[in-house]
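Student: fold the following for me, if possible:
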Amino acid sequence: MDSYESFMNEYVEFMKKYNANPSDLSLLADYSSFMSRYADFVKKFDSWENQDLNTKESAYYIDVQARVSKKLLEVADQ
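Tutor: As a prediction, this is how the structure comes out:
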């Protein structure tokens, strides 16, 4: 879950740069790589939902999900 959150923080920072300058060719080249990695991380994170998590793990999962959702909303509002 930590690696998912770390990646999502990186992704949000990238998207802020991309949204600010979508014609930047260096960002365009990185975009497809991020999308591929994004799909992998989301799939792995979602698989945690199907696990038998104890109370502490479930709370952490929900916290990570909430923090990531908040960060993604920052990008969506741009």
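Student: need the contact list for residue 49.
Tutor: With contact set as Cβ atoms under 8 Å, 6 or more residues apart in numbering, residue 49 has these partners: residue 61. To be clear about C-beta, it is placed using only N, CA and C from the backbone, and glycine gets the same treatment.
Student: mind listing what's buried in the helix or strand bottoming out on mean pLDDT in the chain?
Tutor: Among the helical and strand segments of the chain, the one scoring lowest on mean pLDDT, DSSP states H and E is helix 25-49, with a mean of 82. Of the residues in helix 25-49, those buried under the neighbour-count criterion (16 or more other Cβ atoms under 10 Å) are 27, 34, 38, 41, 45, 48.
Student: stretch 1-15 too?
Tutor: Judged by neighbour count (16+ other Cβ under 10 Å), stretch 1-15 contains these buried residues: 4, 5, 7, 8, 11, 12, 14, 15.
Student: does the fourth one lie in a helix or a strand, and which?
Tutor: Under DSSP states H and E, the secondary-structure element containing residue 8 is helix 2-20.
Student: off-centre distance for that helix?
Tutor: For helix 2-20, the separation from the chain centroid amounts to 6 Å (computed by Cα atoms, centre = their mean, to the nearest Å).
Student: got the angle between that helix and helix 25-49?
Tutor: Taking axes from the mean of the first three to the mean of the last three Cα atoms, to 10 degrees, helix 2-20 and helix 25-49 form an angle of 150 degrees between their directions.
Student: mean confidence for helix 2-20?
Tutor: Per-residue pLDDT values across helix 2-20 average out to 89.
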